[in-house]
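# need coordinates for the following:
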Amino acid sequence: MSTTILYVRPEGGGWGPITAMASLSARLLQADLITMERRELGRVHKARALLPRLRGAESLLVISPVPESLNFIALVPGLRRHYGTVIGWVVDCWWTNRIPVAVTRGHLYDRLLVTEKEVVDDWRRVTRMPVEWVPLGADVLGALRERGRAGDYERTVDLQRMGRQPEAWDDDELVAAMCEHRGLAHGPRPPFGTTPEGSYANVLAAAAGARSLLAFTNLASPAGYTHPSREYVTSRWLDALALGALVVGQRPREEGSDELLWEGATLDVSPTNVAAGLDALAAELTHWTPERADAIQDQALRRLDWRWRLREVAELLDVASPVLDAELRELREALAGR
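Numbers count the residues shown, from 1 in each chain. Here you go, the predicted model:
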């Protein structure tokens, strides 16, 4: 029985982590990967998403960065005769007001996965379908393979700027000067690459070179593309932890986030008082050792690696993958050696 993954790639440079996850998923599940660029679908395509399908023997996973991209299932070749199990995995699932017709009125999906725990009931209510929580992750094992143990990284930056920040923390020159006054080295935001993959590589390199990374919950650092009332963890948090960096800022207060972010993974500081935040960080980093980075990475390996998520996905798709099984064994062996 074969497996296909459809990834609907959105515009924008911030989707590098999810693009990498789609490729990793295809490799580990030994699946064919179909990548489609997100665009506006017309009425005909949306109508196709409402048609029933015949049951085949193959499995289909749709990785949908935003809810509307679930409609792209209508463009999958052979949809109505090949697939026995169809699952959608929604990343920015907190936009419950944007759940599309493919799952509110259509019958093409068998099950949905969402990355935020607190919206599971909302999705179940709106879609009347089985909905499970499968959160975001990070390629921790890949980091170990490529870069080695986090405690061995050369870390020349004490506080690395990453992504959107609250207004008080958004001036890199001011924050850098305040860091210097306290003997802290500040890293400016990583440069954009020529592709989302290149931008993401720059993000990972910056996180690997820092003792801590600055990230605030979206409610403390809102933007036009963030949800105005729901809090959630994003990839910058998890990638930083996968590379052994402490996350400094204000963590999301949400049930799923509390399960992902353990005690010692983060240092909460004020989103409005930079001086007090930097004082707290300076005090925290007096206790920093390479062993602390190793301990953070070990917890990330135990809690965050994508392979744990994909094990759940494989079970729900009812597919077996020797590649995934082998890397899960490698993951367990790495943990046993800690």
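# pretty sure A300 sits against L238.
Yes: contact criterion Cβ atoms under 8 Å: A300 and L238 qualify, at 7.3 Å. For every residue, glycine as well, the C-beta is placed using N, CA and C.
# give me the common contacts of the two.
Here A300 and L238 share the contacting residues A138, scored by Cβ atoms under 8 Å, 6 or more residues apart in numbering.
# okay, and L136 sits in which element?
Counting by DSSP states H and E, there is no helix or strand that carries L136.
# can you check S23 too?
S23 is part of helix 16-28, with elements assigned from DSSP H and E.
# list the helices and strands that helix packs on?
strand 3-9, strand 32-37, strand 58-64, helix 196-208, helix 235-242, helix 306-317, helix 322-336 (3 or more Cβ pairs under 8 Å, 6 or more residues apart in numbering; DSSP states H and E).
# ok, the third one: who's next to it in the sheet?
According to DSSP bridges, strand 58-64 forms sheet pairs with strand 3-9 (parallel), strand 83-90 (parallel).
# mean pLDDT, mean neighbour count and distance to T272 added to those strands, as JSON lines?
Output for the strands paired with strand 58-64, formatted as JSON lines (pLDDT from 0 to 100; neighbours: other Cβ atoms under 10 Å; distance: least, Cβ to Cβ, whole Å):
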{"stretch": "strand 3-9", "mean pLDDT": "93", "mean neighbour count": "22", "distance to T272": "36"}
{"stretch": "strand 83-90", "mean pLDDT": "94", "mean neighbour count": "24", "distance to T272": "33"}
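# please name the nearest non-neighbouring residue to R311.
Excluding its sequence neighbours, the residue lying closest to R311 (Cβ to Cβ, 6 or more residues apart in numbering) is L328, at 6.2 Å.
# would you confirm that the one you found contacts W306?
No: counting by Cβ under 8 Å, L328 does not reach W306; the two are 11.0 Å apart.
# which of these two has more neighbours?
Neighbours were counted for L328 and for W306 using other Cβ atoms under 10 Å; W306 has more, 23 against 19.
# list the contacts of that one.
Neighbours of W306 in contact, by Cβ under 8 Å, 6+ apart: 21, 24-25, 28, 137-139.
# out of the residues you listed, which is nearest to G256?
G256 has its nearest neighbour among the contacts of W306 in G137, at 12.2 Å by Cβ to Cβ.
# my read is that E180 contacts H186, right?
Yes: at 7.3 Å, E180 counts as touching H186 under the criterion of Cβ under 8 Å.
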